[in-house]
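Participant: just the structure for this:
(one chain, ligands or ions: 1)
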Amino acid sequence: MSKITPPRFDNPLFVAIDTTDAGRAAALARAVASSAGGIKLGLEFFMANGAGGVHAVRAAAPDLPLFLDLKFHDIPNTVAGAVRAVAPLAPALLTIHASGGPAMIRAAREAAAEAADRLGIATPPAVVAVTVLTSLDDTDLMSVGQRGPSGDQVLRLTDTALAHGAAGVVCAPTELVRLRGRFGAQPLMVVPGIRPADAARGDQKRVMTPAEARSAGADVLVVGRPITGADDPADAAARIAQEIAAAELTGAA
Ligand SMILES: O=c1ccn([C@@H]2O[C@H](COP(=O)(O)O)[C@@H](O)[C@H]2O)c(=O)[nH]1
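Facilitator: Below is the predicted model:
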C-alpha cells in the first residue's frame, strides 16, 4: 500500500461537539470558531441528525475542517460502503477501528480515495484508525481478554494501521512519546483524553493536559466537555488554544 501524506492543521485544537441537538451544535461551532482548528462530530450527533445536521454545523463554522468520528468497525465491504456514503460530506478526517484488521483498513482507505475522485473532491478524507479507546485502562483491557499494558496494544494496532494505509491513529496522549519514537513525525496523531489541569476527567482514563499532549507530539487535540460543558465555551476554547500555543513556543525555544 502506497504511503500517504497526512493533512497538517495550523491550529491543532478540534472541538468535539457531542449533542443530539443540532441547533446547540451549530451555536457551539459558531462560539468556538475563532479559537478552534476544526470541529469533530461523532456518533451521538450523527445518529440524531445525519448528513443534514452535519451541513447545518458546517454552515455555522464554514472555514473549519470537519472531523467525522464515526469509528467504523465492520467487514471490509460494509466499511467501504459506509465510507462512500459519507464521502460527499468531505470530512478532512474520518475514523475506523484499527482492530477491524488489515483488509478493513485497506478497504476504508481505497473507498475514501475512489469516492473523492468520483465526487471531484481534491483531498480525500484522511482515514485515521482508533487504537485503544482513551476511556479504557489496563484493567478494562484484561476484562475483554487483552493481556499486557494498553501501550503495547496501541503500538501493535498502530503498526497494523499504518502498514495498511491509515494516515494516522487515534491514541491517548500518554502513548505519544513512545509512538513518535517508533513511527516518527509523519503519521497523524489524533489525541482525545485531553483535560486542562482543573477539568473533570469524566470517563476518560488515559489523559494529559493540552500543553503536555502538544509537547508530547499530538497533531490534533480533541477536546469536548471541557469546552462544550463550560459556562462560556468560547472563553474555554480560547484558553485551551492559548495553552497549546504557549506549549509550542516553549518547545520551539
Ligand atoms: O479513544 C477515543 C476516541 C474518540 N474519543 C472521542 O473524543 C471526544 C472526547 O470528548 P471529551 O468530552 O473531551 O472527553 C469524544 O467525542 C469521544 O467520542 C475519545 O474520547 N477517545
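Participant: helices along the chain, start to end?
Facilitator: With helices called from DSSP state H, the chain shows them at 22-32, 43-60, 76-86, 102-119, 138-143, 150-163, 176-183, 210-216, 225-228, 233-252.
Participant: ok, which of the ones you listed comes nearest Ala200?
Facilitator: Of all the helices of the chain, helix 225-228 sits nearest to Ala200, with 7.7 Å by Cβ to Cβ. Where you see a C-beta, it was placed from the backbone N, CA and C, and this is true even at glycine.
Participant: that closest one near the ligand anywhere?
Facilitator: Yes: under the criterion of Cβ under 6 Å from any ligand atom, the ligand is reached by helix 225-228 at Arg225.
Participant: list the contacts of that helix.
Facilitator: 15-19, 28, 32, 194-196, 199-200, 202, 233, 236-237, 240 (Cβ atoms under 8 Å, 6 or more residues apart in numbering).
Participant: tell me the strands beside the lengthiest strand in the chain, with direction?
Facilitator: Secondary structure of the chain per DSSP state E: the longest strand is strand 66-72. Neighbouring strands of strand 66-72 in its sheet, by DSSP bridges, are strand 38-42 (parallel), strand 93-97 (parallel).
Participant: out of the ones you listed, nearest to Ala61?
Facilitator: Once the strands paired with strand 66-72 are compared by Cβ to Cβ, strand 38-42 is nearest, at 5.8 Å.
Participant: and Pro76, what does it touch?
Facilitator: Listed by Cβ under 8 Å, 6+ apart, the contact set of Pro76 reads Gly100, Ala103, Met104, Arg106, Ala107.
Participant: residue in the chain with the shortest distance to the ligand?
Facilitator: Using Cβ to the nearest ligand atom, the single residue of the chain nearest to the ligand is Gly224, 2.6 Å away.
Participant: isn't that residue up against Thr19?
Facilitator: No: the criterion here is Cβ atoms under 8 Å, and Gly224 misses it with Thr19 at 9.9 Å.
Participant: for burial, what's the neighbour tally of Asp137?
Facilitator: The number of residues packed near Asp137 is 14, by other Cβ atoms under 10 Å.
Participant: excluding chain neighbours, what is closest to it?
Facilitator: Lys205 (4.5 Å; Cβ to Cβ, 6 or more residues apart in numbering).
Participant: and the one you found, what is it in contact with?
Facilitator: Neighbours of Lys205 in contact, by Cβ under 8 Å, 6+ apart: Thr134, Ser135, Leu136, Asp137, Asp140, Gly193.
Participant: redo these as TSV? Include distance to the ligand and pLDDT.
Facilitator: Shown next, in TSV, are those (distance: Cβ to the nearest ligand atom, whole Å; pLDDT from 0 to 100):
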residue	distance to the ligand	pLDDT
Thr134	4	98
Ser135	6	98
Leu136	8	97
Asp137	12	96
Asp140	12	96
Gly193	6	98
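Participant: thank you, goodbye.
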